[in-house]
Structure formats: structure tokens, C-alpha cells
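Undergrad: Can you look at this prediction? I've put the sequence above it.
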Amino acid sequence: MNRPYIEDKVFERVHFTDKPLPLGDYEYCRFENCDFSRTDLSGIHFTECSFTGSNLSMVKLHKASFNGVQFRECKLLGLHFEDCDSVLFSVNFGHCQLDLSSFFQLKMKKTLFSNCSLKEVDFTEADLTASVFDHCDLIRAIFLQTVLDKADLRTSVHFSIDPSRNKVKKTKVSALGLAGFLNAYDLDIS
């Protein structure tokens, strides 16, 4: 069975909760102010697509493919990105809500998280080498056996990262953010 190929199409204000997005390969498509909440995107391939102002909360992502995908001003609550096809997985997020999502064991080198809410996000065993967390809130985010080498956390807040349980070589952090690396030691920092 041939998969439908959709290129350069703009989907605007579509409620995919009523009629799901058909299985297929979407390339250079734009999804603007769409509602995907609680739908199933399993097996759908997105290449160089953008999602703007859309709600993708609680979407199923089994073997979905995101290659060069941009998310801007989107609600992405409770997503299991680790269920995606990890080959060529590459995404960037700007002004997004990703609370309670999981990136368990994903290779996400040089990923940009800009002005995002990442509350209680699970980054366990993810490779975030040279990723940038620009003005993000990482309260209760989980970093365990996470590769953060050369990552930039200088403008982010509320993170707690144990250097003995994560790779943090040349990780950039502000003087104020340094406390986030010392929480595991139960120090009284003034």
C-alpha cells in the first residue's frame, strides 16, 4: 500500500479531534492553530514541517517521525517522544508548554528549547549534547544519566542536575544557576 505524500500544504484551524490527520508523509507542511489533542499520530512522518499555536497534548506518537520539525507556541503536554521513530529525530521548540512530557533515551543533540515550560519533563538517558535551554522553566525535570555536555542552561531556572549522575562536561550555567548543580549535596547556599 502506497502512503500518501503531502507537500507544502497549510492546515489552518483544523480540529483533528473530529477527523484525524490521515496516515502519510508530510513534507514542508504548516499546521497553524490546529487541535490534535488526544489524537493518534502514530506512523505519520513529518519532515521539515512546522506547528504553530497548536494543541498536541496527550497525542499518541508510536513510530511517528519528526525530522527537522519546529514547534512554536504549542501546547505539548504529556507527550511520550520516546515512542517516536528515533532515526533522524530532530525538533526545536519555541514558547511551548511541554510539561509532563518524556524524551527518555532520545538522541537530541543541538536541540533548541526557547522560552519553554519544561516542568516535570523526563530527560532520563537522553543525549542533549550542545542543546540550548534558553529562558526555560525546568522545575522537577528529571535528569538521570543524561548527556548535557556543552549544553547551555545559563538563562534557565529551577533545574536540579546531579553532576555525579549525569554528563556535564563544559555545560554552560550562570552563577545563579550553579545552585541547581549542587542540590544533590543538600548544601545551604546563601
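TA: Nice, I can see it.

Undergrad: okay, D18: pLDDT?
TA: Looking at D18, its pLDDT is 89.

Undergrad: Check the burial of it by counting its neighbours.
TA: When neighbours are defined as other CB atoms under 10 Å, D18 has 8 of them. Every C-beta, even on glycine, is put in place using the N, C-alpha and C of the backbone.

Undergrad: quick one: it and M58, what's the gap?
TA: 16 Å (CB to CB, to the nearest Å).

Undergrad: How about T17?
TA: T17 is 11 Å from M58, by CB to CB.

Undergrad: of these two, who's got more company?
TA: The neighbour comparison of T17 against M58 (other CB under 10 Å) goes to M58, with 16 against 13.

Undergrad: May I ask which helix or strand encompasses the more buried one?
TA: Per DSSP states H and E, M58 falls between elements, in no helix or strand.

Undergrad: and it, what are its phi and psi?
TA: Note on M58: its backbone torsions stand at phi 60, psi 30 [degrees, to the nearest 10].

Undergrad: can I assume it is in contact with H80?
TA: No: checked against CB atoms under 8 Å, the pair M58 and H80 is beyond contact range at 9.7 Å.

Undergrad: Run through the residues that contact the residue nearest to T17 when sequence neighbours are not counted.
TA: Leaving out its chain neighbours, the residue that sits closest to T17 by CB to CB, 6 or more residues apart in numbering is D35, at 5.5 Å. Contacts for D35 (CB atoms under 8 Å, 6 or more residues apart in numbering) come out as 14-17, 54-55.

Undergrad: cool, T52 as well?
TA: T52 is in contact with 30-33, 72-74, counting by CB under 8 Å, 6+ apart.
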